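Engineer: Return atomic coordinates for the entry below.
(one chain, ligands or ions: 1)
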Amino acid sequence: ALAATACGGDSGETGDKKASGKLSGTVTWWDTSTVGSEDKVFKKLAEGFEKKHPGVDVKYVNVPFGEAQNKFKNAAQSGSGAPDVIRSEVAWTPEFADLGYLAPLDGTAALKDGKDFLAQAAASTKYQGKTYAVPQVIDSMGLFYNEKIFKDAGVEVPKTIAELKTVSKKIKDKTGKTGLYLRGDDAYWFLSFLYGEGGDLVDAKSKSVTVDQEPGVKALKVVKDLVDSGAAKTDATDGWENMQSAFKDGKVAMMINGPWAVADTFAGKEFKDKANLGITTVPAGSKSQGAPQGGHNLAVYAGSKNLDASYAFSEYMTSAESQALVAKELSLLPTRTSVYSQPGVSDNQIVGFFKPVVDKAVERPWIPETGSLFAPLVTEYTKVLTGQTAPEKGAKATGDQYRKLLKGWK
Ligand SMILES: C[C@H]1O[C@H](O[C@H]2[C@H](O)[C@@H](O)[C@@H](O[C@H]3[C@H](O)[C@@H](O)[C@@H](O[C@H]4[C@H](O)[C@@H](O)[C@@H](O)O[C@@H]4CO)O[C@@H]3CO)O[C@@H]2CO)[C@H](O)[C@H](O)[C@@H]1N[C@H]1C[C@@H](CO)[C@H](O)[C@@H](O)[C@@H]1O
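Structural biologist: Numbers count the residues shown, from 1 in each chain. Model (predicted):
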């Protein structure tokens, strides 16, 4: 059965494929999904693998998203304590691959029906011509809103940031509630505003840093103005908890979020009636409209002593059948095209909303450094939102940090 050990189980026991082709041994899997809303579905899925392969014991270990990247790098580097399979966020995958910590999967049982994967989902699993992971879920961001508050205030859903400010003013006047919760401690929440001003963090094609150009400065001014004008509220820490509770308790009318927030949001008193949750595209800025691409892959540790069972486990957990179950139960987006037309998925409104959003989400460069762009950015983003630094200075400081990180980039 699933032994959900505290953390960091070792893949020490060897596994092998008996002459009968039967898989055996243990597979330790580090799952980063949210405890209390997503983890039980993924745990149940892994139990299904054990039923199918009674000779294999899956050790399910839930490692918080904020800790898993470094934990895996430390374990892989030291050669002890790394799991056989890790849920590798899209930006971690090229970094782990570059470090040599992932087993290449081309030609193994991990990759079945590779053509069924969405091109944009498969992109983050490719590195220097090889495939180092299997896409599990893909996501982007939308504007979540409370239908009842909008009705009480007699306002329509905003399509632009200007409309968002007008709508928030009316909501405040009519209901006393704040319009938007804008997460201030995670720079992923800044990206749709940056894209709205026609900007981006870097331009990988020309190997140039662009976050400190005019659109980046403008976008920081836009988010600062949302807070200073009272249209949005924010926090410098505990953003996830504060955002979720403010929205679930009906204290704010809107938040920007992704499919991974849906299961937790439906647990809120305001959304017991699921019809009260509306989702639309993130508001457009002065130049453009766009939301970022995120998601997670399953990757096999290069030092696993049970590669055969790890390949089979990765394939099972990302199969069309598994993805359909996850879409039905958690409204997460499949990475396989064939799953969207399956019963239970094709009529899921959340999935139906996010699919076109994911299809036009702004791609990010899948280079080893792509994940490292957020730490320097969030430092400046939070300081701008809390009035500790001016937008011009925040943008410049971020750009300077990026040029240290990205050797030789302009
Ligand atoms: C700072 C981090 O920057 C980047 O991360 C970006 C990321 O690249 C973006 O794509 C985006 O991720 C989306 C994600 O796509 C979306 O799916 C969702 O994920 C859900 C799951 O769905 C849900 O199941 C559950 O798991 O919970 C997940 C999380 O809710 O939401 C994510 C956004 O939250 O945004 C991330 C930034 O947050 C780096 O990659 C590092 O992670 C880095 N952290 C390390 C940096 C180390 C050095 O400083 C520091 O020492 C270490 O301690 C820190 O750990």
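
Engineer: Report the closest residue of the chain relative to the ligand.
Structural biologist: Using Cβ to the nearest ligand atom, the closest approach of the chain to the ligand is made by residue 294 at 2.3 Å. Where you see a C-beta, it was placed from the backbone N, CA and C, and this is true even at glycine.

Engineer: Show the backbone phi and psi for residue 25.
Structural biologist: When read as degrees, to the nearest 10, the backbone of residue 25 gives phi 80, psi -170.

Engineer: partner residues bridging it?
Structural biologist: Per DSSP bridges, the residues bridged to residue 25 are residue 56.

Engineer: before we move on, back to that, name the nearest residue to the residue of the chain closest to the ligand, ignoring sequence neighbours.
Structural biologist: Nearest residue to residue 294, sequence neighbours excluded (Cβ to Cβ, 6 or more residues apart in numbering): residue 139, at 4.9 Å.

Engineer: wait, what's in contact with the nearest residue to residue 263 once chain neighbours are set aside?
Structural biologist: Closest residue to residue 263 apart from its sequence neighbours, by Cβ to Cβ, 6+ apart: residue 37 at 4.0 Å. Neighbouring residues of residue 37 by Cβ atoms under 8 Å, 6 or more residues apart in numbering: 263-264, 267, 330.

Engineer: Next, count neighbours for the residue of the chain closest to the ligand.
Structural biologist: Using other Cβ atoms under 10 Å, residue 294 has 22 neighbouring residues.

Engineer: thought it was touching residue 89?
Structural biologist: Yes: assessed by Cβ atoms under 8 Å, residue 294 is found in contact with residue 89 at 7.5 Å.

Engineer: re the thing from before, would you mind listing the residues in contact with the residue nearest to residue 294?
Structural biologist: Taking Cβ under 8 Å, 6+ apart as the test, what residue 139 contacts is 258-260, 293-295, 332-333, 354, 358.

Engineer: element containing residue 377, please.
Structural biologist: helix 374-385 (DSSP states H and E).

Engineer: State the mean pLDDT of that helix.
Structural biologist: Mean pLDDT, computed over helix 374-385, is 98.

Engineer: change the start of the numbering to 18 and stick with it
Structural biologist: Sure, I'll start counting at 18 from here, so that last one is helix 391-402.

Engineer: The helix or strand following it - contacts with which helices or strands?
Structural biologist: Counting by DSSP H and E, the next helix or strand C-terminal to helix 391-402 is helix 408-422. Judged by 3 or more Cβ pairs under 8 Å, 6 or more residues apart in numbering; DSSP states H and E, the packing partners of helix 408-422 are strand 225-226, helix 231-245, helix 391-402.

Engineer: Can I get the ones you listed in TSV including distance to residue 317 and mean neighbour count?
Structural biologist: Listed next are the helices and strands packed on helix 408-422 as TSV, based on distance: least, Cβ to Cβ, whole Å; neighbours: other Cβ atoms under 10 Å:
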stretch	distance to residue 317	mean neighbour count
strand 225-226	33	18
helix 231-245	37	21
helix 391-402	25	21
